[in-house]
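Asks: need coordinates for the below:
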Amino acid sequence: MNLEKLKFVTVLHFYATGPGQELHQWLSDNHAGRSMLIEHPFPFSSRNYARIENVDSSGNKTVKKLNRKKLPVYIGYMLDFFRTLRILSNEKFDVYVGNGCFDTLAGIVAKWLGKTNKVVLYTIDYAPNAGGKLYGLLYRTIDRFCCYHVDAIWNLSDRMHDARLADGMNKKKCAPAIRVPHGTHAKKMRLLIPENPDKYSVAFMGHILKKSGLQLFMRGMKPLLNEMPEIHLEILGGGEYLDSLKSLANELDIEKNVTFHGYIESHDELEKKLAQCGVGLALYSPDEAGFSYCADPGKLKVYLACGLPIIVVGVPQVADEIDERGAGVKIDYDIDSMRAALKKILENYSEYKNNALKMADEYDWDNVFRNALDKSCDLF
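Replies: Predicted structure coming up:
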């Protein structure tokens, strides 16, 4: 595929940097004829504007912001749909990549209107049961419609397609699907990883919800601190469960061993902070796994790229690979399992760290997107 002759547009809803922004950046770095990124704010995002970034084959970049009021979720998505079509009304693209079914729907209509040649559904998550009944009905209906009308489907994990089929999707009507996993910045991060990070610094990165499981680690810290007083928990992110965790830290009298950094919008700054840490946490509560079961959570690949072995509850598919390759330890969702995993990693830290870095190299975004486009040439 000759990128310099092609014009791409990637559309997504924004909370933090994810695969859509990574694709846009990769296309820009590899001199695509044109790469446009359209970011609409999620209802829970701190942003109150849509952001449009254009980069041409010479690297010239323009950025435009469009104000967006906080609106009820369904009204907001509907207006974002029309805003996307309006933005695309003045030119034609070769490939439209929608991150999720709601943003892909506008690409299908744009194709009908002659504004793009090909449409890709980039499935970042698949969890129609995560909302109420109305949300689930709309999600399944729109996602299935997209699967039947796009030119290719990119899934972060194989489980996503299995879940669709279990939900009743007709495989014969569906566009061809390939796995395009979450990637890493392994090559870039090598220059930022210190020779001797603080291995006792345990990090969590991401949107803080009850299902994130941080309360499990915090409740297990007290006995661990008696054995290893150097342990410190670094929480990088914001969310609705943040205040509950702060209260829990006070209740457990571990405030001195927990730092709440808050939400960090700059992904580069986030990675720099993570690279100073020793171990990454991904303690998904199985009863509230939601998106995580079918997804390929980005935090895991970021941890690996930063050289952090991972303690991961065995909810996402990639947890098995992390455990098998010695890049971390897969655990059950309980305190004893978590404490045993941390001790195991710290006792064999150099080996676990090296394995994490090796796994990260294989998932570098450059490898991920080159493979995806090579396979998609046949699908198109």
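Asks: for residue 33, grab phi and psi.
Replies: phi -50, psi -40 (degrees, to the nearest 10).
Asks: and it, what does it touch?
Replies: Contacts here follow CB atoms under 8 Å, 6 or more residues apart in numbering; on that basis residue 33 touches 3, 4, 5, 6, 7, 56, 57, 94. Just so you know, the C-beta spots here come from the backbone N, C-alpha and C atoms, and that holds for glycine as well.
Asks: swap in residue 7?
Replies: Taking CB under 8 Å, 6+ apart as the test, what residue 7 contacts is 32, 33, 34, 35, 36, 91, 92, 93, 94, 95.
Asks: bridging residues for the third one?
Replies: On DSSP bridges, the residues paired with residue 34 through beta bridges are residue 7, residue 56.
Asks: pretty sure it contacts residue 56?
Replies: Yes: when contacts are counted by CB atoms under 8 Å, residue 34 is listed as touching residue 56 (5.7 Å).
Asks: and residue 66, how far is that from residue 80?
Replies: Distance of residue 66 to residue 80, given as CB to CB, to the nearest Å: 10 Å.
Asks: what's the overlap in contacts for those two?
Replies: Common contacts of residue 66 and residue 80, defined by CB under 8 Å, 6+ apart, comprise residue 50.
Asks: the more surrounded of those two?
Replies: Taking neighbours as other CB atoms under 10 Å, residue 66 and residue 80 compare with residue 80 leading, 21 against 13.
Asks: distance of the residue positioned nearest the centre of the chain relative to residue 318?
Replies: For the chain, the residue nearest the mean C-alpha position is residue 298 (3.7 Å; CA atoms, centre = their mean). Note on residue 298: its distance to residue 318, by CB to CB, is 11 Å.
Asks: next SSE after the worst-scoring helix or strand of the chain on mean pLDDT?
Replies: Across the helices and strands of the chain, the lowest-confidence element by mean pLDDT, DSSP states H and E is helix 291-294, at a mean of 68. Next helix or strand after helix 291-294 toward the C-terminus (DSSP states H and E): helix 298-305.
Asks: where is pLDDT lowest across the contacts of residue 7?
Replies: Lowest pLDDT within the contacts of residue 7 is found at residue 91 (91).
Asks: how many residues are close by residue 34?
Replies: For residue 34, the count of nearby residues is 18 (other CB under 10 Å).
Asks: OK, contacts around it?
Replies: Applying CB under 8 Å, 6+ apart, the residues near residue 34 are 6, 7, 8, 54, 55, 56, 57, 93.
Asks: mind putting those residues into CSV with distance to residue 76?
Replies: Listed next are those as CSV, based on distance: CB to CB, whole Å:
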residue, distance to residue 76
6, 31
7, 28
8, 25
54, 24
55, 27
56, 31
57, 34
93, 24
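Asks: and of the residues you listed, the nearest to residue 23?
Replies: residue 8 (8.0 Å; CB to CB).
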